[in-house]
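Participant: Okay, structure incoming, though there's no sequence with it:
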């Protein structure tokens, strides 16, 4: 076989070397420094905000559960309306806090989604550029054929030329291998970014759905609050009406007893005699109770919120229909029907009176003398809380005055 001309072979080798250098240079320019492919990077501030928001969200949800359990305990309790309203208002505040945290999470997740989208676009552009270079390299390899590298080595003019050509061929092989690895890594990264975008989109959708549910929850709580406020207004009006009625009844009772005392004194002046009271200071702490039962309220003004309830006697609970007995002998001075029940007033003489209110019925009549312990009627009161109200009046400078009945009654301890 004819030996190739050295000059011709050298020219071909130099030309091939120049093309090789140009190819490496162009490929390097297409992928500067051949760094590792970009991966999804997340701002530490976004991650921190999300973690802090999630921690606050968990605490707020725990507080909501506690408030719901507390509301279940309050429901049905007597005089629990104010506590129930306070609980609902605290739940509204909790719901508002949840909505604020959802806004924080949505903003942070939107930032993260924007960052990931930008990274995916950059990665896709990088992948496209490297795929172009890879296709060019594959086209060059196909054109040269499988024995081109051997031909390049055999056409070397000297040992140093051979080493240089070997180094170039080795660099080309390394370059091609790195190019393939980079394309594979970029494809994997792009797939991860697409999956991450899908997951973040799903998470944003879930947070938005929770946000909408929370708005519905807040609207429901606001409806409950308005309902409780209306109930409060109704009960306040009812309480004010009841207080006005109690005040009228107390005033009527005082006027009635004042009138009875004035009539008694006029009769004594006309007869020229003075009545002797069956009650004396020696009876303090010794009278029998009109009915046995729990004391519902004590003597003296009682405050409920901003309202003062006049209490000129004591409330005593007892089963409905229980006999009510006179605490001492006396005369029935008055029997009157009131909205809250029947009332019996006994005149014990000397300006002393005892009053038995909220009776279901009366078993005595006006002017009838009664003995100590004699039944004068039966327990009435509310259907949900049967009771009576008991009062004692002592002589005063301007007429009988209501005093604490407990100081006259026997100590039950």
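Facilitator: Perfect, thanks for sending it. Please read all numbers here as calculations on a predicted model, not as lab measurements.
Participant: Residue 338 against residue 250, yeah?
Facilitator: No - contact between residue 338 and residue 250 fails when scored by Cβ atoms under 8 Å: they sit 11.0 Å apart. For glycine as for every other residue, the C-beta is placed from the backbone atoms N, C-alpha and C.
Participant: phi, psi of residue 382?
Facilitator: With angles defined as degrees, to the nearest 10, residue 382 sits at phi -70, psi 150.
Participant: Which elements pack onto the lengthiest strand in the chain?
Facilitator: Longest strand in the chain by number of residues, with DSSP state E as the criterion: strand 352-362. The contact analysis (3 or more Cβ pairs under 8 Å, 6 or more residues apart in numbering; DSSP states H and E) places strand 352-362 against helix 159-271, strand 330-338, strand 341-349, strand 375-381, strand 386-394.
Participant: Contacts for the helix or strand just after that strand next, please.
Facilitator: With elements assigned by DSSP states H and E, the helix or strand that comes after strand 352-362 is strand 369-370. Residues from elsewhere that reach strand 369-370 (Cβ atoms under 8 Å, 6 or more residues apart in numbering): 326, 329, 330, 331, 332, 346, 364, 376.
Participant: For residue 321, grab phi and psi.
Facilitator: phi 90, psi 0.
Participant: List the contacts of the residue nearest to it when sequence neighbours are not counted.
Facilitator: Closest residue to residue 321 apart from its sequence neighbours, by Cβ to Cβ, 6 or more residues apart in numbering: residue 378 at 5.0 Å. Listed by Cβ under 8 Å, 6+ apart, the contact set of residue 378 reads 320, 321, 322, 323, 324, 359, 360, 361, 363.
Participant: quick one: residue 250 from residue 243, how far?
Facilitator: Remark: distance between residue 250 and residue 243 (Cβ to Cβ, to the nearest Å) = 10 Å.
Participant: now the stretch 201-350 of the chain, which segments are flagged as low pLDDT?
Facilitator: Low-confidence segments of the stretch 201-350 of the chain (pLDDT under 70): 239, 303-308.
Participant: same thing but 90
Facilitator: Along the stretch 201-350 of the chain, the parts satisfying pLDDT under 90 run over 201-286, 297, 300-312, 336-341, 349-350.
Participant: Let me see the ranges of the helices in the stretch 1-150 of the chain.
Facilitator: Listed in chain order, the helices found in the stretch 1-150 of the chain under DSSP state H, counting those that start in this stretch are 6-30, 44-74, 81-144, 148-154.
Participant: Okay, domains of this protein per the record?
Facilitator: 6-237, 275-407 (automatic domain parsing).
Participant: didn't residue 358 look like it was pressed against residue 389?
Facilitator: Yes - with contact defined as Cβ under 8 Å, residue 358 reaches residue 389; the gap is 5.4 Å.
Participant: related to what we said a few turns ago, just the buried residues of the longest strand of the chain, please?
Facilitator: 352, 353, 354, 355, 356, 357, 358, 359, 360, 362 (16 or more other Cβ atoms under 10 Å).
Participant: what bridges to the second one?
Facilitator: Beta-bridge partners for residue 353, by DSSP bridges, are residue 347, residue 393.
Participant: ok, it - contacts?
Facilitator: Contacts of residue 353 (Cβ under 8 Å, 6+ apart): 257, 260, 261, 333, 345, 346, 347, 392, 393, 400.
Participant: same check, this time on the fifth one
Facilitator: Neighbouring residues of residue 356 by Cβ under 8 Å, 6+ apart: 290, 324, 343, 344, 345, 346, 376, 377, 388, 389, 390.
Participant: ok, so of those residues, who is nearest residue 265?
Facilitator: Residue 265 lies nearest to residue 345 out of the contacts of residue 356, by Cβ to Cβ, at 16.1 Å.
Participant: Check the gap between the closest one and residue 251 for me.
Facilitator: With Cβ to Cβ as the criterion, residue 345 and residue 251 are 15 Å apart.
Participant: Please say which of these two ends up with more neighbours.
Facilitator: residue 345 (23 against 11; other Cβ atoms under 10 Å).
Participant: quick one: the longest strand of the chain to helix 159-271, angle?
Facilitator: Angle, strand 352-362 to helix 159-271, by axes from the mean of the first three to the mean of the last three Cα atoms, to 10 degrees: 110 degrees.
Participant: from the middle of its chain, how far away would strand 352-362 be?
Facilitator: Centre-to-centre, strand 352-362 and its host chain are 49 Å apart (Cα atoms, centre = their mean, to the nearest Å).
Participant: returning to that earlier point: output the helices and strands packed on strand 352-362 in CSV; the columns should cover distance to residue 101.
Facilitator: CSV is the format used below for these (distance: least, Cβ to Cβ, whole Å):
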stretch, distance to residue 101
helix 159-271, 10
strand 330-338, 58
strand 341-349, 56
strand 375-381, 52
strand 386-394, 51
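Participant: Can you tell me which of the ones you listed is most buried?
Facilitator: strand 386-394 (a mean of 24; mean count of other Cβ atoms under 10 Å).
Participant: ok, residues contacting the helix or strand that that strand is followed by?
Facilitator: Remark: after strand 386-394, the chain's next helix or strand is strand 401-403, criterion DSSP H and E. Outside strand 401-403, the residues within contact range by Cβ under 8 Å, 6+ apart are 254, 299, 312, 313, 391, 392, 393, 394.
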